[in-house]
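# Predicted structure and sequence below. I'll ask about it afterward.
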Amino acid sequence: METVLSVQNLGKSFKDKEIIKHISFEVRKGEIMAILGPNGAGKSTTIRNIMGIMYPDAGTIAFQNHKEIPRHKIGYLPEERGLYKNVKVMDILLYLAELKDYPLKKAKERALTYLKKFDLEGKENVSVEELSKGMGQKVQFIASIIHEPELLILDEPFSGLDPVSQELFKQEIRNLAQKGTAILLSSHQMNLVEEMADRLFLIHRGQKIIYGNMDDVKTQYANFKCTIRGKNDRAVLEHLPDVQRVEQENDTSILYLSKDVQAASWLKSLPDSLTVQELSIDRISLHEIFIDIATDKNLLQEEGVVHA
Ligand SMILES: Nc1ncnc2c1ncn2[C@@H]1O[C@H](COP(=O)(O)OP(=O)(O)OP(=O)(O)O)[C@@H](O)[C@H]1O
């Protein structure tokens, strides 16, 4: 698939502190690429460099067929929400479309279509300050796509949305990708990322930890875990074959198993002496992979990094 945005070896320091280093990834036409990482990992710094809001100390940011950052081809929903307060909804949408050199008539048609889609029909002459937080966020989302961008950057688009609005956003983001928009999505909602993203880039302390297809990442990192309810000695569990780590709370133990374990044969290897009231075996979720990294439990080793 065509590459729309290519980030190579990006580096940025504030004073003497290196905030991001050697960041390289691509965003391709029609895909949803997630950029993930704990608070302070460097996601927004990466995005701000792509947007030209700040300048990198090292590396390159290249857009397909453009020498400079083509602002009118990019849509951006920043993490900081806020539109001019004392302006009518339609006026702000048309003003922002005009800033991107987008034809006014088309912008108006698109604005009305999207307002309807996002349950804001009839709100075009309402002042922005009269909107609820979620409504304001919908208007800001519409503003980021009104000019049909080739690349759409969404920084925490789901935060503060009710489940119905979240669903609307999800559907629209998917629609846009299907129509060919390249989407860079930053979100802390791992379940949504797991559901929506084609590929992901996971950053921690300004550096790459994982970069690859969602399916490959899951195959490579989503090892099995076995949850046993029943009173058992931690040391006994830790010495069972292929157990990497044990977490215990009250009478429930979670055994994190090593990669490539065959679930059925591993279960057969359990000793009769174990106390088992209940037992389940599942793959760990992206959420748990993320927590492992963010809390430095370090199940992921550098040599295991997946490449796109
Ligand atoms: N203008 C700035 N001056 C100094 N330090 C900064 C500046 N902007 C960001 N930082 C630092 O850079 C690091 C990365 O911040 P960044 O906002 O990129 O993280 P993030 O991954 O987007 O986090 P979050 O999930 O909390 O939004 C943090 O340690 C932050 O304190």
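Perfect, thanks for sending it. Numbering: from 1, shown residues only.
# what's the spacing between Leu36 and Ile145?
22 Å (Cβ to Cβ, to the nearest Å). To be clear about C-beta, it is placed using only N, CA and C from the backbone, and glycine gets the same treatment.
# of those two, who's got more company?
More neighbours surround Leu36 than the other of Leu36 and Ile145, with 25 against 18 (other Cβ atoms under 10 Å).
# Name the nearest residue to that one, sequence neighbours excluded.
Leu202 (4.9 Å; Cβ to Cβ, 6 or more residues apart in numbering).
# I'd like to know how many residues surround that neighbour.
Counted with other Cβ under 10 Å, Leu202 comes out at 27.
# would it count as being in a strand?
Yes. Under DSSP: H, G, I helix; E, B strand; the rest coil, Leu202 sits within a strand.
# That one is in contact with Leu286, isn't it?
No. Using Cβ atoms under 8 Å, Leu202 is not in contact with Leu286; the gap is 9.3 Å.
# If the residue nearest to Leu36 is in a bridge, with which residues?
Leu36, Ile210 (DSSP bridges).
# for the stretch 1-150 of the chain, what are the low-confidence residue spans?
For the stretch 1-150 of the chain, applying pLDDT under 70 flags the ranges 83.
# the strands in the protein, which residues?
Secondary structure of the chain, counting by DSSP state E: strands at 3-14, 17-28, 32-36, 58-63, 74-77, 151-155, 182-186, 199-204, 207-213, 224-229, 243-249, 252-257, 278-283.
# of the ones you listed, which approaches Met135 most closely?
strand 74-77 (14.7 Å; Cβ to Cβ).
# by contact count, what packs against that closest one?
helix 133-145, strand 151-155 (3 or more Cβ pairs under 8 Å, 6 or more residues apart in numbering; DSSP states H and E).
# hmm, 10 Å instead?
Contacts defined by 3 or more Cβ pairs under 10 Å, 6 or more residues apart in numbering; DSSP states H and E place strand 74-77 against helix 43-50, helix 133-145, strand 151-155, strand 182-186.
# quick one: which of the ones you listed is nearest the ligand?
Nearest of those to the ligand, taken as Cβ to the nearest ligand atom: helix 43-50 at 3.2 Å.
# How about the closest one and the ligand, any contact?
Yes. Applying Cβ under 6 Å from any ligand atom, one finds helix 43-50 in contact with the ligand at Lys43, Ser44, Thr45.
# can you check stretch 18-35 too?
Yes. Counting by Cβ under 6 Å from any ligand atom, the ligand has neighbours in stretch 18-35: Ile19.
# hmm, back to that, go through the helices and strands packed on strand 74-77 and pick out the most buried.
Across the helices and strands packed on strand 74-77, averaging neighbours per residue (mean count of other Cβ atoms under 10 Å) puts strand 182-186 on top, at a mean of 25.
# Run a quick neighbour tally on Cys101.
If you look again at residue 101, you'll see it is Asp, not Cys. Using other Cβ under 10 Å, Asp101 has 9 neighbouring residues.
# same deal with Leu168?
17.
# Would you check how far apart it and the ligand are?
For Leu168, the distance to the ligand equals 24 Å [Cβ to the nearest ligand atom, to the nearest Å].
# For the residue nearest to that residue when sequence neighbours are not counted, list the residues it contacts.
Nearest non-adjacent residue to Leu168, counting by Cβ to Cβ, 6+ apart: Phe118, 6.0 Å away. Phe118 sits next to Gly134, Met135, Gln137, Lys138, Val139, Phe141, Ile142, Ser165, Leu168, Phe169, Glu172 when contact means Cβ atoms under 10 Å, 6 or more residues apart in numbering.
# quick one: Phe118 and Ser132, what's the gap?
12 Å.
# Spit out the residues that contact these two alike.
Counting by Cβ under 10 Å, 6+ apart, the residues touching both Phe118 and Ser132 are Lys138.
# in stretch 62-80, what's buried?
Phe63, Gln64, Ile69, Lys73, Ile74, Gly75, Tyr76, Leu77, Pro78 (16 or more other Cβ atoms under 10 Å).
# near the ligand, from those residues?
Of the buried residues of stretch 62-80, not one also sits near the ligand (Cβ under 6 Å from any ligand atom).
# I'd like to know which residues of the chain are adjacent to the ligand.
Applying Cβ under 6 Å from any ligand atom, one finds that the chain approaches the ligand through Phe14, Ile19, Gly37, Asn39, Gly40, Ala41, Gly42, Lys43, Ser44, Thr45, Glu79.
# Run a quick neighbour tally on the first one.
What that stands for is Phe14. 10.
# and if you look at the fifth one?
Using other Cβ under 10 Å, the number of residues around Gly40 comes to 12.
# quick one: it and Phe14 touch, right?
No. Between Gly40 and Phe14 there is no contact, the gap being 11.9 Å when judged by Cβ atoms under 10 Å.
# Perfect, that will be all.
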